[in-house]
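Enquirer: Sequence and predicted model, in that order:
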Amino acid sequence: MTRKRPLARGWHYIGIGIVLGLLCGLSQTEAQPVDAASVAPEAQDGLIRDASGKVSYIVELLPRAAEAYPRAFQPTTAFQPYLRGEVVNLVRAMQSQYGFDAVSATSWSSTTFTAYLTDQQVDALSRDRRVLAVLPDAPVHFSDSDSTAVWTDSVQTLAAPPNSLWSARVTQSAEMRPWGKQAINQTTTSSNGTAIVYVVDAGVGQHVDLNVVEWVNARDHTNDCGTRIGVTCTSTKMPKLVACYTHSTAVAGIIGAKSNGTGIIGIDPGVKIVSVSILDTTAYPNTPTSPCVYLPTGTGAVIESTRVLAALDWVKMDIAANNHTGKPSVVNLSVNWGDTTQWPASGISMVKTAIANIALASPGAFVVQSAGNQFGLACTYAYGPKSSSDGIMVVGAINNHGQPVVPLNGTFGFWRELDEASGFYAHEPGSNYGSTCVDTWAPGDTVFSTAGPANAQAGNTTYNTYAYGGGTSFAAPHVAGLAAYLIETRALTTASQVETNINTLLFALGSTDPAGGAVKIPTLNPLPGTVPHNTPYAEFVLATACIWPPYATGTRPPNCKALTLADPSSEPGVFTPAARNRSTLDLNGATNVWMAFDSYGLGSNQCTQEVVDALGQGTTLHTGTNYYNPAAPIGGNETALSHVCPSASIGVVF
């Protein structure tokens with residue numbers, strides 16, 4: 001007989017929802033009542049535990065095992081009168097044998113009981129011939145799943161709400177096809193090994209899901225190593241090549257995470273990655289005991305354009321010296337020039353020239369750059385103006401609604417991402433836009449990818465963890481991975497040909513960017529005509545202090561905090577206890593909750609905003625966009641939602 005073994009780790013939530021103080025499936029045991037206050041909330045691993053730490057399991061029994069037991073029984077809270085008596089008496093016999101107290105049982109659709117069990121009890125029950133399976137119970141929450149999204153991840157993760165509000169770094173036992181993979185290149189399962197992608201970034205970490213064939217520090221090549229050049233990567237070398245910041249590890253995972261049955265699957269799975277770090281150990285000290293290379297810190301510290309120039313220069317040399325296939329390579333550049341103190345103007349023009357030279361070389365490399373996350377015109381922050389055949393593409397970020405990532409309620413558009421010990425990727429306003437410089441769009445919001453610790457990734461550690469991130473930094477590698485796949489499967493000899501081929505794959509989503517430009521993505525699997533290509537999405541923000549979104553009318557009361565993208569402290573959750581979509585706000589004695597609603601998309605004026613009380617009674621507050629009511633219309637144990645735009649839903653509890 002084949003038995004399912006208990007899952008001690010990695011159990012996933014059934015449904016995505018808001019915790020409103022109710023856990024389904026918990027009731028009174030036969031021996032003694034379980035005080036609801038004594039039941040510990042579910043842990044970050046998704047398991048339900050009682051106050052003593054025992055885990056709730058559902059035990060499936062062989063139906064015929066109950067045949068020998070009598071039908072008469074005395075009902076209790078755990079054993080309801082409608083149950084088959086022989087099943088109840090079987091469970092009671094097992095209670096006496098193994099020393100547990102059943103919480104509930106089933107006997108008609110299935111033969112099961114639920115109980116809080118120790119590891120020893122789980123092991124013993126798993127070996128009992130009457131037991132078919134012992135599986136962890138799963139908390140079921142009120143569902144606010146984003147049913148109108150165009151694409152969704154194939155597997156739920158422990159990092160998704162309601163566990164940790166997108167901020168956790170977790171293992172992933174079941175292989176996920178992220179929504180970006182589905183949008184760009186759904187079916188490819190393996191690279192053929194003929195393309196190389198240079199990730200010009202801070203330095204990719206070691207990860208079980210990545211095929212990094214070479215690590216390079218663009219300013220100090222004494223430690224370069226990898227199988228591609230036949231130099232062993234030692235414990236002395238790796239801390240000089242891998243960044244403490246895990247940004248580049250996530251970028252590499254989007255491009256080419258392996259198809260190996262666990263984790264995620266990238267756009268061109270298993271493609272060869274060359275990590276080119278733009279940090280050096282002289283400017284950013286890395287002593288022999290340091291585990292990684294740090295980003296610049298302290299007053300006046302900058303990432304100079306000369307470092308990117310050095311990286312691009314080495315890439316051009318390496319392609320000329322070592323690429324003998326006659327095929328172009330790919331360069332992913334998920335960095336942008338932002339404020340002028342970080343990227344001197346003279347350096348910007350030189351970086352642009354270096355990018356152009358790599359793309360023009362033969363075979364050269366197709367260059368993909370992120371558009372930037374400042375919610376402004378991309379030409380200010382990235383390569384441009386664009387050309388349809390220069391072998392360079394600047395990429396803006398869409399969400400899984402097929403819409404550009406924009407700030408809603410005046411708060412940052414990119415916010416659902418890794419925030420491990422506050423070493424987050426960095427919440428930022430929204431995707432840059434504008435058809436003059438943005439060549440294409442790609443998935444860049446709430447992207448699940450390979451990750452080490454947020455800002456403490458060690459060079460000598462091989463990781464098996466994953467996390468969510470957002471930004472045009474994550475949009476660009478979707479296009480880089482697609483380019484690598486095209487290079488491997490088509491007769492392409494120049495970067496210009498790569499771009500031309502990608503342009504033939506552009507698929508209009510029907511949505512527009514804030515400047516009115518058409519949003520298109522490059523895809524090998526365009527959506528059927530009958531399937532929506534874009535849908536509106538919405539967001540609620542609740543706070544226990546008065547907030548003032550940009551669209552609020554009238555004069556701002558002196559006690560209201562103005563939300564402004566120029567002020568990072570305006571992010572809800574930083575300046576006051578607050579909640580955003582798919583979150584729960586604890587009032588902590590507050591009597592007023594301020595609420596703002598905003599949405600984006602061509603059909604956004606159809607979004608209705610409602611409040612539902614604890615008894616399920618709903619009140620429609622507003623139809624349209626940009627809703628704000630300083631009269632605080634929401635109270636304890638109520639839920640704010642939009643049936644038309646279910647991407648927005650939020651709960652409030654006492």
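Expert: Thanks, I have it. Numbers count the residues shown, from 1 in each chain.
Enquirer: Pass me the low-pLDDT residue ranges in this protein, would you?
Expert: 1-47, 109, 138-146, 161-165, 282-289, 296-304, 338-347, 421-424, 566-575, 654 (pLDDT under 70).
Enquirer: Which helix or strand contains the one residue sitting closest to the centre of it?
Expert: For the chain, residue 468 is the residue whose C-alpha lies nearest the centre (C-alpha atoms, centre = their mean; 2.5 Å). Using DSSP states H and E, the element containing residue 468 is strand 466-469.
Enquirer: Chain neighbours aside, what residue packs nearest to residue 506?
Expert: Using C-beta to C-beta, 6 or more residues apart in numbering and skipping the chain neighbours, the partner closest in space to residue 506 is residue 520 (4.3 Å). Backbone N, C-alpha and C define where each C-beta goes, glycine included.
Enquirer: Residue 452 is in contact with residue 458, correct?
Expert: Yes: Residue 458 lies in contact with residue 452 (C-beta atoms under 8 Å); the separation is 7.3 Å.
Enquirer: Give me the more crowded residue out of the two.
Expert: Set residue 458 next to residue 452 and count neighbours by other C-beta atoms under 10 Å: residue 452 wins out with 29 against 18.
Enquirer: list the contacts for that one?
Expert: Going by C-beta atoms under 8 Å, 6 or more residues apart in numbering, residue 452 touches 169, 205, 207, 246, 249, 458, 461, 463, 465.
Enquirer: Mind putting those residues into TSV with secondary structure and distance to residue 93?
Expert: Shown next, in TSV, are the contacts of residue 452 (DSSP: H, G, I helix; E, B strand; the rest coil; distance: C-beta to C-beta, whole Å):
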residue	secondary structure	distance to residue 93
169	coil	44
205	coil	53
207	strand	49
246	coil	52
249	helix	53
458	coil	53
461	coil	50
463	strand	47
465	coil	43
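Enquirer: Just name the closest of the residues you listed to residue 68, please.
Expert: Proximity of those to residue 68 (C-beta to C-beta) peaks at residue 465, which lies at 48.9 Å.
Enquirer: Against residue 369, how distant is that closest one?
Expert: 27 Å (C-beta to C-beta, to the nearest Å).
Enquirer: CA atoms only for stretch 591-603, dumped as CSV, please.
Expert: As requested, the backbone C-alpha atoms of stretch 591-603 are provided in CSV (Å, rounded to 0.1, in the frame of the first residue of the first chain):
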residue,chain,number,x,y,z
THR,A,591,-11.6,54.6,16.3
ASN,A,592,-11.1,56.1,12.9
VAL,A,593,-9.6,54.5,9.8
TRP,A,594,-8.8,56.7,6.8
MET,A,595,-9.3,55.1,3.4
ALA,A,596,-8.2,56.0,-0.1
PHE,A,597,-8.9,54.0,-3.3
ASP,A,598,-7.3,54.3,-6.7
SER,A,599,-7.2,52.2,-9.9
TYR,A,600,-5.6,52.1,-13.3
GLY,A,601,-6.6,50.9,-16.7
LEU,A,602,-8.9,51.7,-19.6
GLY,A,603,-11.8,50.2,-17.8
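Enquirer: That one: which residues count as buried?
Expert: Applying a neighbour-count criterion of 16 or more other C-beta atoms under 10 Å, one finds 593-601 buried in stretch 591-603.
Enquirer: Which residues are in contact with residue 360?
Expert: With C-beta under 8 Å, 6+ apart, residue 360 has these contacts: 390-391, 495.
Enquirer: Most neighbours of all the residues you listed, which one?
Expert: residue 495 leads these on contacts (other C-beta under 10 Å) with 29 neighbours.
Enquirer: What ranges does the stretch 51-200 of the chain have for its strands?
Expert: Using DSSP state E, counting those that start in this stretch, the strands of the stretch 51-200 of the chain run over 55-61, 102-106, 112-117, 131-136, 142-143, 196-201.
Enquirer: Could you look over those strands and pick the most buried one?
Expert: For the strands of the stretch 51-200 of the chain, the largest average neighbour count (mean count of other C-beta atoms under 10 Å) is found in strand 196-201, namely a mean of 27.
Enquirer: isn't residue 224 right up against residue 214?
Expert: Yes: with contacts counted by C-beta under 8 Å, residue 224 reaches residue 214, the gap being 7.1 Å.
Enquirer: Buried ones in stretch 305-321, by neighbour count?
Expert: Within stretch 305-321, the residues that count as buried by 16+ other C-beta under 10 Å are 305, 307-312, 314-316, 318-319.
Enquirer: what's in contact with that stretch?
Expert: 198, 200, 216, 218-219, 221, 274, 276-280, 329, 331, 333, 335, 337, 343-344, 347-348, 350-351, 354-355, 357-358, 361, 363-365.
Enquirer: Can you say which of the residues you listed are buried?
Expert: Using 16+ other C-beta under 10 Å, the buried ones in the contacts of stretch 305-321 are 198, 200, 216, 218-219, 274, 276-280, 329, 331, 333, 335, 337, 343, 347-348, 351, 354-355, 358, 361, 363-365.
Enquirer: I'd like the distance from stretch 365-383 to the chain centre, please.
Expert: Relative to its parent chain, stretch 365-383 has a centroid offset of 21 Å by C-alpha atoms, centre = their mean, to the nearest Å.
Enquirer: repeat for stretch 193-204
Expert: That offset, for stretch 193-204, works out to 21 Å (C-alpha atoms, centre = their mean).
Enquirer: Stretch 190-200 now?
Expert: Per C-alpha atoms, centre = their mean, the centroid offset for stretch 190-200 relative to its chain is 23 Å.
Enquirer: What is the end-to-end distance of it?
Expert: 23 Å (C-alpha to C-alpha, to the nearest Å).
Enquirer: ok so, going back, tell me the SS of the residue nearest to residue 506?
Expert: strand (DSSP: H, G, I helix; E, B strand; the rest coil).
Enquirer: same question, residue 482
Expert: Residue 482 ends up helix, using three-state DSSP.
Enquirer: how many neighbours does it have?
Expert: With other C-beta under 10 Å as criterion, residue 482 counts 28.
Enquirer: In ChimeraX, select just the buried ones from the contacts of residue 452.
Expert: Buried members of the contacts of residue 452, defined by 16+ other C-beta under 10 Å, are picked up in ChimeraX with:
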select :169,205,207,246,249,458,461,463,465
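Enquirer: mind checking how far the helix or strand containing residue 595 is from the chain centre?
Expert: According to DSSP H and E, residue 595 maps onto strand 593-600. A distance of 23 Å separates the centroid of the chain from that of strand 593-600, by C-alpha atoms, centre = their mean.
Enquirer: in its sheet, what does that strand sit against?
Expert: Paired strands of strand 593-600, with direction, are strand 537-543 (antiparallel), strand 627-634 (antiparallel) (DSSP bridges).
Enquirer: Past it, which element shows up next along the chain?
Expert: That would be, after strand 593-600 and using DSSP H and E, strand 608-612.
Enquirer: and that next one with strand 593-600, angle?
Expert: 150 degrees (axes from the mean of the first three to the mean of the last three C-alpha atoms, to 10 degrees).
Enquirer: hmm, who's touching the helix or strand just after strand 608-612?
Expert: Counting by DSSP H and E, the next helix or strand C-terminal to strand 608-612 is strand 618-623. Strand 618-623 has contacts (C-beta under 8 Å, 6+ apart) with 597, 605-612, 627, 629, 633.
Enquirer: relative to strand 627-634, how tilted is strand 618-623?
Expert: Using the same axes, to 10 degrees: strand 618-623 against strand 627-634 is 160 degrees.
Enquirer: So which bits of strand 618-623 are buried?
Expert: Buried residues in strand 618-623 (16+ other C-beta under 10 Å): 621-622.
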